[in-house]
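*Asks:* I'd like to go over a predicted model; first the sequence, then the structure.
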Amino acid sequence: RAIRSRGWPRYRPPRSPCLRAEKPGGTTSAPLVPALRRSPHPAGGFPAMATPIETHVDLASLPKEERLARMRHSAAHLLAEAMLELFPDAELGIGPPIDTGFYYDFRLPRSLTPEDLAWLENRMRESVARRLPFQMASISREEALERWKNQPFKLDLLKDLEDGAITQCTHGNFTDLCKGGHVNHTGEIGAFKLTSVAGAYWRGSEKNPQLQRVYGALFETEEELAAYERQLEEARRRDHRRIGKELKIFELFDETGPGHVVWLPNGATIRRELQRWMEDLELERGYRHVVTPAVSKRQLYVKSGHWDHFHDAMYPVMEREGEEYVLRPMNCPSHIMVFASELHSYREFPIRIAEFGNMHRWEKSGQVSGMSRVRIMTLNDAHIFCTDPAMVEAEVEGVLRLMEHAYGVLGLRNYRYRLSLADPDDKEKYVDNPEMWQQGEALLRRVLDRLGLNYFPAVGEAAFYGPKIDVQFMTAAGKEETLSTIQVDFHFPRQFGLEYIGEDGERHQPIIVHRGVISTLERMVALLIEEYEGNFPLWLAPVQAVVIPIADRHQPYAREVAGALRQYRLRVEVDDRNERMNAKIRDAQLQKVPYMLIVGDREAEARAVSLRVRGEGDQGSVPLAEVVERLRRERDERLLV
Ligand code: ATP
Ligand code: ZN
Ligand code: ZN
């Protein structure tokens, strides 16, 4: 068939890691098999019926973004060219530029290996060295169908193209269906590297075949590419999935299923500290905590509207004794039940109902990731029932202040506020009630403005029942993620017919503010691991101090030291393994334990410890009483932020 370069020596699946030795050349300009530069088409790389289009560009005159987009798009052609040489039967999908480079989707006879990527990259560099022009041409539909008759995905793309609007691009022997937007020749492509392979469905639909998506990074200069790689490296270094495993914070097992996190003792400790701290802050602010079931009858979620609007993200229905039950995807209906359990008078408002509530959401497989996007989660949730918009404003303000306080304590600074609005054209996703949306939006804007918080609006990001303020954080991988959220809701009160007795003795409808301050414990801990790179502040560190006896005879004193700290609920362990002291110190360092208390004869005698502090090293001998005091103070200081 037309786009295949026939007769190119068949690439053998890598046996040895020494692929470069087998196929040397790398960036040299000499073609591997010069005889094969013969074109499959008589008219120099494009069929006779194709009409060339002049596309010369003065790259230097273009804005950088466009120049990069052209380089990235052009590099994708080189990748497809190389792939067809590796696998003559490869089926080509699409290959667009992205904001750090490009990708191309392929259906291949087997999974790609790192060695394949190295080979492909070298092959691409050969085309770069040849400075082959990119030649655009328009072709008839008939010609295109013939040319790509063995490429089912190209044929699928052709279905959407009208005769007269079909163009292709050729460089050397390779021709692809293409809208255009290249550099002039392959020598202008910039600095690139193939980085990874991921699965992707054709046209993004699970109903279609799964393809292998090869990613490349591409920047104008080697320096920019290197800077990007450093950034990737930093992301890997801070990756909570890696650190979470090393520090024994959580595990994900095949047996428990994706997105179902197992919190190990260290993780459970961090989680408990966060929860206690936040519950105390909520108690100070007039919240009352409840405990409600994660399973309810399906009917509850039909009434709330979740079944209509959120059904795809729910676990399937469970049936027992003629009833249908579901795992809750949100806690709102449960808290509404609490509210409705008695008839309230206006004097009781605002009524703040809080719970670390566990929720279950069937997140898409491709999106589930570590602890930051999971399927079973516990949200720092609360619902504040208000009598009128003025009270809503005051409560939203109070929540924003609580959030700012919490970020201060946690030392988080890398965030911005997003005003999440409905898409008025999407009647499917959002409750249709324009007046309610307008009122909610205006109210949230007023509070943000009053507090002088910068924010940006985002259409199509609202909850299905109302607009929200979301707090967007940057993850180590450079992705923005929602952490905290505040939502104004006129919808559920109507849906559930909620009422209270007003000052006038009549019945009125309340308004609900939904809010999550430290998000789900899962996402929060993922973020904190990355933020601290595992070096948790003392109050959150799973093990706050390790006592290391130098010899066995120092164990009794080591236990005494541990006891003195435990009296103040400091989390301390004695490392009584039969290991050398240096090995114990190294292990404690790897586990990022904030304090090491080393005890030998002299320390026992002086009722002191030899103190080593994480990040600061050896502090010499310090009296035990002083160490206890120092740790206590440091742990409790966070409350004063
Ligand atoms: P997202 O846009 O991230 O899917 P959402 O808008 O569905 O979130 P809410 O229903 O408001 O989120 O849930 C409250 C908070 O719970 C979110 O702001 C987010 O911090 C957190 N959260 C939501 N889904 C997940 C998940 N799958 N894993 C971990 N945390 C989550
Ligand atoms: Zn192109
Ligand atoms: Zn809610």
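*Replies:* Perfect, I can see it now. Ligands and ions are numbered 1, 2, ... in the order given.
*Asks:* in a helix, that's where Leu400 is, yeah?
*Replies:* Yes: judged by DSSP: H, G, I helix; E, B strand; the rest coil, Leu400 forms part of a helix.
*Asks:* now Met581, nearest residue through space, not along the chain?
*Replies:* In this structure, Met581 finds its nearest non-sequential neighbour in Ile550, 5.5 Å apart by CB to CB, 6 or more residues apart in numbering. Yep, even glycine has a C-beta here, placed from its N, CA and C like the rest.
*Asks:* distance of the one you found from ligand 3?
*Replies:* Noted for Ile550: a distance of 55 Å to ligand 3, by CB to the ion, to the nearest Å.
*Asks:* try Asn380
*Replies:* Distance of Asn380 to ligand 3, computed by CB to the ion: 12 Å.
*Asks:* kindly report the same for Pro97.
*Replies:* As judged by CB to the ion, Pro97 and ligand 3 stand 40 Å apart.
*Asks:* what do you get for Ala588?
*Replies:* 42 Å.
*Asks:* run a quick neighbour tally on that residue.
*Replies:* 23 (other CB atoms under 10 Å).
*Asks:* over to the one 4 residues further on?
*Replies:* Using other CB under 10 Å, the number of residues around Lys592 comes to 19.
*Asks:* look at it and report its pLDDT.
*Replies:* Here the pLDDT value assigned to Lys592 is 97.
*Asks:* again, but for the one 5 residues further on
*Replies:* Confidence at Leu597, expressed as pLDDT, is 98.
*Asks:* what strands flank whatever helix or strand it lives in, and is each parallel or antiparallel?
*Replies:* Using DSSP states H and E, the element containing Leu597 is strand 595-599. Sheet pairing of strand 595-599 (DSSP bridges) gives strand 545-549 (parallel), strand 608-613 (antiparallel).
*Asks:* could I get the ones you listed as CSV with mean pLDDT and distance to ligand 1?
*Replies:* Below are the strands paired with strand 595-599 laid out as CSV (pLDDT from 0 to 100; distance: least, CB to the nearest ligand atom, whole Å):
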stretch, mean pLDDT, distance to ligand 1
strand 545-549, 98, 31
strand 608-613, 97, 34
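*Asks:* phi, psi of the residue of the stretch 101-250 of the chain found nearest ligand 1?
*Replies:* Proximity of the stretch 101-250 of the chain to ligand 1 (CB to the nearest ligand atom) peaks at His240, 12.1 Å away. Per-residue torsions, His240: phi -70, psi -20 (degrees, to the nearest 10).
*Asks:* is it in contact with Glu522, as I believe?
*Replies:* No: look at His240 against Glu522 with CB atoms under 8 Å: they stay out of range, at 10.2 Å.
*Asks:* between these two, which contacts overlap?
*Replies:* The contact sets of His240 and Glu522 overlap at Met371, Ser372 (CB atoms under 8 Å, 6 or more residues apart in numbering).
*Asks:* those two - which one has more neighbours?
*Replies:* Between His240 and Glu522, His240 has the larger neighbour count (other CB under 10 Å), namely 27 against 24.
*Asks:* check which residues of the strand or helix carrying Met278 are buried.
*Replies:* In this assignment (DSSP H and E), Met278 forms part of helix 265-284. Neighbour counts over helix 265-284 (16 or more other CB atoms under 10 Å) mark Asn266, Gly267, Thr269, Ile270, Arg271, Glu273, Leu274, Trp277, Met278, Glu279, Leu281, Glu282 as buried.
*Asks:* so what's the gap between that helix and the chain middle?
*Replies:* From the chain centre to the centre of helix 265-284 is a distance of 23 Å (CA atoms, centre = their mean, to the nearest Å).
*Asks:* restrict that helix to CA atoms and write it as CSV.
*Replies:* Taking Å, rounded to 0.1, in the frame of the first residue of the first chain, the C-alpha atoms of helix 265-284 are listed here in CSV:
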residue,chain,number,x,y,z
PRO,A,265,-0.4,2.7,59.9
ASN,A,266,1.8,5.7,58.9
GLY,A,267,-0.9,7.0,56.6
ALA,A,268,-3.7,6.4,59.1
THR,A,269,-1.7,8.4,61.6
ILE,A,270,-1.4,11.4,59.2
ARG,A,271,-5.1,11.1,58.4
ARG,A,272,-6.2,11.0,62.0
GLU,A,273,-4.1,14.1,62.8
LEU,A,274,-5.6,16.0,60.0
GLN,A,275,-9.1,14.9,60.9
ARG,A,276,-8.8,15.7,64.6
TRP,A,277,-7.3,19.1,63.8
MET,A,278,-10.0,20.0,61.4
GLU,A,279,-12.8,18.8,63.7
ASP,A,280,-11.4,21.0,66.5
LEU,A,281,-11.4,24.0,64.1
GLU,A,282,-15.0,23.2,63.2
LEU,A,283,-16.1,22.8,66.8
GLU,A,284,-14.6,26.3,67.5
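*Asks:* helices or strands up against that helix?
*Replies:* strand 287-289, strand 351-360, strand 376-386, helix 389-410, strand 511-520, helix 521-532 (3 or more CB pairs under 8 Å, 6 or more residues apart in numbering; DSSP states H and E).
*Asks:* who touches it?
*Replies:* Contacts of helix 265-284 (CB under 8 Å, 6+ apart): 244, 247-250, 263, 289, 352, 354, 356, 380, 382, 402, 405-406, 409, 517-518, 521, 524-525, 528, 536, 539-540, 542-543, 571, 638.
*Asks:* only whichever of the residues you listed are buried, select them in PyMOL.
*Replies:* In PyMOL, a selection of the buried entries from these looks like this (16+ other CB under 10 Å):
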select buried, resi 244+247+249+250+263+352+354+356+380+382+402+406+409+517+518+521+524+525+528+536+539+540+542+543+571+638
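*Asks:* quick one: the strands in the stretch 101-250 of the chain?
*Replies:* Assigned by DSSP state E, counting those that start in this stretch, the strands in the stretch 101-250 of the chain fall at 101-107, 135-138, 167-171, 174-177, 191-201, 210-219, 250-251.
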